[in-house]
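1. Coordinates only, no sequence provided:
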């Protein structure tokens, strides 16, 4: 059950609740529960049966696939006020979870039981619209990843990742393995690309970090 104080925080993260009718609000407070999930915890792994869905109030969860060779590729991340479309789909279709969801930054979440989630989709128009909007937004982001993997060279994708991350931090705290896992490649291939970028004077590579030296050149490389 959600306390009044917790509910006030939840409404800030999920403004949809401001427009919910009294019935949905009452059921939400009675049925949902509040959880703290530490960094590094797997919320679901591939093949799990999904018994609840998490709506994040804080933190970040990374959703990714692991191939037969052990390589990883990030499908998407979700954070404050968001949830996982693969979890929602698994609940609605009553199938197992098809990927891995791991807490990347310590999270606080509202947990809604699977049966309740399905029931609300059936009975409440507002909740159904919220879920479908969530599915639509995430489907677009996953399709972008499919397009990148299928049609863009890996060096272009590495340059794009570094350009984006470089807007938020300098130097970028990331390892070659983390880049490989993000993009669905191997550490060795990523290392060769970074060596090439370094030789061209675009970046300076250190252990666990990358500093951008020529942002315009790296930006140009990211759209070739």
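-> Perfect, I can see it now. Note that the coordinates shown come from a computational prediction; the quantities given were computed from them, not determined experimentally.
2. which ones are touching the residue nearest the centre of the chain?
-> In the chain, the residue lying closest to the centroid (CA atoms, centre = their mean) is residue 77, at 0.9 Å. Contacts for residue 77 (CB atoms under 8 Å, 6 or more residues apart in numbering) come out as 60-63, 104. Any C-beta I mention is one placed from the backbone N, CA and C, and that applies to glycine too.
3. Whichever of those residues end up buried, select them in PyMOL.
-> The PyMOL selection below is limited to those of these classed as buried (16 or more other CB atoms under 10 Å):
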select buried, resi 60+61+62+63+104
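4. Just the closest of the contacts of residue 77 to residue 24, please.
-> Each of the contacts of residue 77 was checked against residue 24 using CB to CB; the closest is residue 61, at 24.5 Å.
5. Give the buried residues for the helix or strand encompassing that closest one.
-> For residue 61, the host element (DSSP states H and E) is strand 52-66. Buried residues in strand 52-66, defined by neighbour count with 16+ other CB under 10 Å: 52-57, 59-64.
6. farthest-separated two in the residues you listed?
-> Going by CB to CB, the pair spanning those furthest: 57 and 64, at 22.2 Å.
7. hey, where'd the helices end up in the protein?
-> Using DSSP state H, the helices of the chain run over residues 4-13, 22-31, 85-93, 114-123, 125-151, 154-166, 176-183, 187-199, 215-221.
8. Tell me how the chain divides into domains.
-> As assigned by automatic domain parsing, the chain contains the domains 4-149, 152-221.
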